[in-house]
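predicted structure and sequence below. I'll ask about it afterward.
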Amino acid sequence: MESISRPAQELRVFGGGAGSELWCRIIAEVTGRPVAVLGTKEAAATGAAILAGLASGVFSAPEEAFAHLRIRGVHEPRPAATERYRELFQRYRGMARRVLEGAE
């Protein structure tokens, strides 16, 4: 996503998976970004309302709309865990490359 936009300072999650502290912690540590859990369970309706507000001029920018969202909690990444996930991902990529090269 960052290749077509700007670097994300924080990720926001909502819905089913957001109810799992473990899953939110994993997302934070894999990405190295804080994960904010939104207080709404109606993510689709909230997103539609934000889009409608932007299209109708109620909000002048997405950031203005986002300021109205309630954050239930934030999971901060642990740098050591983030580094370990990066190491494991590089190991996985190496193994996948060897498997694919062997399949030719």
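That came in fine, so what should we check first? Residues are numbered from 1 along each chain as shown.

and the longest helix for this protein?
As assigned by DSSP state H, the longest helix anywhere in the chain is helix 79-102.

buried residues, that one. List them.
Using 16 or more other Cβ atoms under 10 Å as the test for burial, helix 79-102 gives 82, 85. Using the backbone N, CA and C atoms, a C-beta is placed for each residue, glycine as well.

same question, stretch 32-48
Buried, per 16+ other Cβ under 10 Å, within stretch 32-48: 33-38, 40, 46.

pLDDT weak spots in the chain?
Filtered on pLDDT under 70, the chain yields the residue ranges 104.

if we can go back for a sec, can you tell me what sits against the longest helix of the chain?
29-32 (Cβ atoms under 8 Å, 6 or more residues apart in numbering).

tabulate those (JSON lines), appending distance to S3 and secondary structure.
JSON lines is the format used below for those (distance: Cβ to Cβ, whole Å; DSSP: H, G, I helix; E, B strand; the rest coil):
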{"residue": "E29", "distance to S3": "22", "secondary structure": "helix"}
{"residue": "V30", "distance to S3": "18", "secondary structure": "helix"}
{"residue": "T31", "distance to S3": "14", "secondary structure": "helix"}
{"residue": "G32", "distance to S3": "16", "secondary structure": "coil"}
